[in-house]
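Enquirer: Quick one: sequence plus predicted model below, questions after.
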Amino acid sequence: MGVGILRPKAQKILVDQSAPKSPKNAKTTYRGATIDVWWLSDDGGLTLLVPYLLSQSRSYLQGARLRIFTVAPEGTSISSEEMHMASLLQKFRIQYAHLHVVASNSPTKEDEEQFYKSLEPLTGYNEGMVTESELDKMRNKTARLIATGALLRDYSSEADLVVV
């Protein structure tokens, strides 16, 4: 039993001639691709599993290099964080090309200024606007996320896929 769409005979279908005829890239595989995974918190392993599955056969990223990044919290040694992460990857049986642990840093003054400048049009006391008190409450978390964004730009700008 089939399902069809009935159209009146007078109806015409307009086709944009500049649009691609078919999604040719739908079946394209990217040989030598790089997938960067940023493990920022323990989410049960889904952040690691999905990119790993994408690097396996029958995926458009088949054979991709898997690079794992994590940020060592303040007060934690990079080597112990690296051992912990390597143990976790071994437990999940995830093969990776590179494991890199970066130290937690404060954001640069320029990055913070750029972020807060981009928020200026959204700051105020009207409905739906961000108030100064809300910005102050979230200042530490915002700084952490600005610094993380800088790390992603520094380390993963050349990756074909970045999973956070």
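Expert: Noted; the coordinates are in hand.
Enquirer: how close does Ser57 get to Pro121?
Expert: Ser57 is 48 Å from Pro121, where distance means CB to CB, to the nearest Å. In this view, the C-beta of every residue, glycine as well, is placed from N, C-alpha and C.
Enquirer: Glu134: what secondary structure?
Expert: Local secondary structure at Glu134 is given as helix here, using DSSP: H, G, I helix; E, B strand; the rest coil.
Enquirer: Please report how far the residue found closest to Leu53 once you drop the neighbours it is linked to in the chain lies from Tyr96.
Expert: Sequence neighbours aside, Ser59 is the residue nearest to Leu53 in space, at 7.0 Å (criterion: CB to CB, 6 or more residues apart in numbering). Ser59 sits at a distance of 16 Å from Tyr96 (criterion: CB to CB).
Enquirer: More neighbours: those two, which one.
Expert: Per other CB atoms under 10 Å, whichever of Ser59 and Tyr96 has more neighbours is Tyr96, with 18 against 14.
Enquirer: in the sheet, who's paired with the residue nearest to Glu132 when sequence neighbours are not counted?
Expert: Taking CB to CB, 6+ apart, and ignoring the residues beside it in sequence, Glu132 has Thr123 as its nearest neighbour in space, at 7.1 Å. For Thr123, the beta-bridge partners under DSSP bridges are Val130.
Enquirer: For Thr123, list the residues it contacts.
Expert: Taking CB atoms under 8 Å, 6 or more residues apart in numbering, we find Thr123 in contact with 129-132, 135.
Enquirer: cool, and Pro73?
Expert: Under the criterion of CB under 8 Å, 6+ apart, the contact list for Pro73 reads 81, 104.
Enquirer: 7 Å - rerun?
Expert: With contacts taken as CB atoms under 7 Å, 6 or more residues apart in numbering, Pro73 has the following neighbours: Ser104.
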